[in-house]
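Colleague: pasting the sequence and the predicted model now:
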Amino acid sequence: MFDIGAFELLLIVVVAIVVIGPKDMPRAMRTAGRWIGKVRKLSGHFRAGIDAMVRNAEMEEMEQKWKAQNEKIMREYPDGAPAEMEPTGALPGPAAPAADKAGTSPEDRLPEDAAAADSRRAKAAKPLPPASDEPELPLSSQDGQD
């Protein structure tokens, strides 16, 4: 933004010391720092406001495009979905569990013994992988060397 090199900065410092004087220089630097902070804060608010306006304009533009696209689709298919996409009534996937011979569904039956269910789950569970990322090494070598 401001292309100030080392020579220009040194010249500004020398002029400031001559004009302000070394005695009042710390107070002048604090005042300058406060003003610079206020300017930065104000520019940040201004930039945020501009960014918000740009986002709102982009959103309005996208909403207009979506509305036009929706109207185009509604004109092409006034009765709903195209014929090849008509719902068949059945969704793909596993079938719902049927009622057993006694006429009760699986949800209506009482749960069996909790211990038996836990043992079945323990048998069906797969062993967990090692906790670390390193491969698990055997404790003894297979060729007999220790």
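Modeller: Everything's here; your move.
Colleague: now stretch 65-77: average pLDDT?
Modeller: Stretch 65-77 carries an average pLDDT of 92.
Colleague: send the alpha carbons of it over as CSV?
Modeller: Once non-C-alpha atoms are left out, stretch 65-77 reads as follows in CSV (Å, rounded to 0.1, in the frame of the first residue of the first chain):
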residue,chain,number,x,y,z
LYS,A,65,-30.9,-18.5,-11.0
TRP,A,66,-32.4,-21.3,-8.8
LYS,A,67,-35.9,-19.8,-9.2
ALA,A,68,-35.5,-19.6,-13.0
GLN,A,69,-34.2,-23.2,-13.1
ASN,A,70,-37.1,-24.4,-10.9
GLU,A,71,-39.6,-22.6,-13.2
LYS,A,72,-38.0,-24.3,-16.2
ILE,A,73,-38.3,-27.7,-14.6
MET,A,74,-41.9,-27.1,-13.6
ARG,A,75,-42.7,-26.1,-17.2
GLU,A,76,-41.0,-29.2,-18.6
TYR,A,77,-42.8,-31.6,-16.2
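Colleague: run through the helices of this structure in chain order.
Modeller: Taking DSSP state H as the test, the helices found in the chain are 6-20, 25-76, 114-124.
Colleague: can you flag the weakest of those helices by average pLDDT?
Modeller: Among the helices of the chain, helix 114-124 has the lowest mean pLDDT, at a mean of 66.
Colleague: make TSV from the helices of the chain and add mean neighbour count to it.
Modeller: The C-beta positions use only the backbone N, C-alpha and C, and glycine is treated the same way. Below are those laid out as TSV (neighbours: other CB atoms under 10 Å):
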stretch	mean neighbour count
helix 6-20	10
helix 25-76	10
helix 114-124	9
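Colleague: so who does V14 touch?
Modeller: With contact taken as CB atoms under 8 Å, 6 or more residues apart in numbering, V14 is in contact with no other residue.
Colleague: relative to R27, how far out is it?
Modeller: For V14, the distance to R27 (CB to CB, to the nearest Å) stands at 19 Å.
Colleague: give me phi/psi at Y77?
Modeller: The phi and psi values for Y77, taken as degrees, to the nearest 10, are phi -130, psi 80.
Colleague: how near is it to E71?
Modeller: Between Y77 and E71 the distance is 12 Å, computed by CB to CB.
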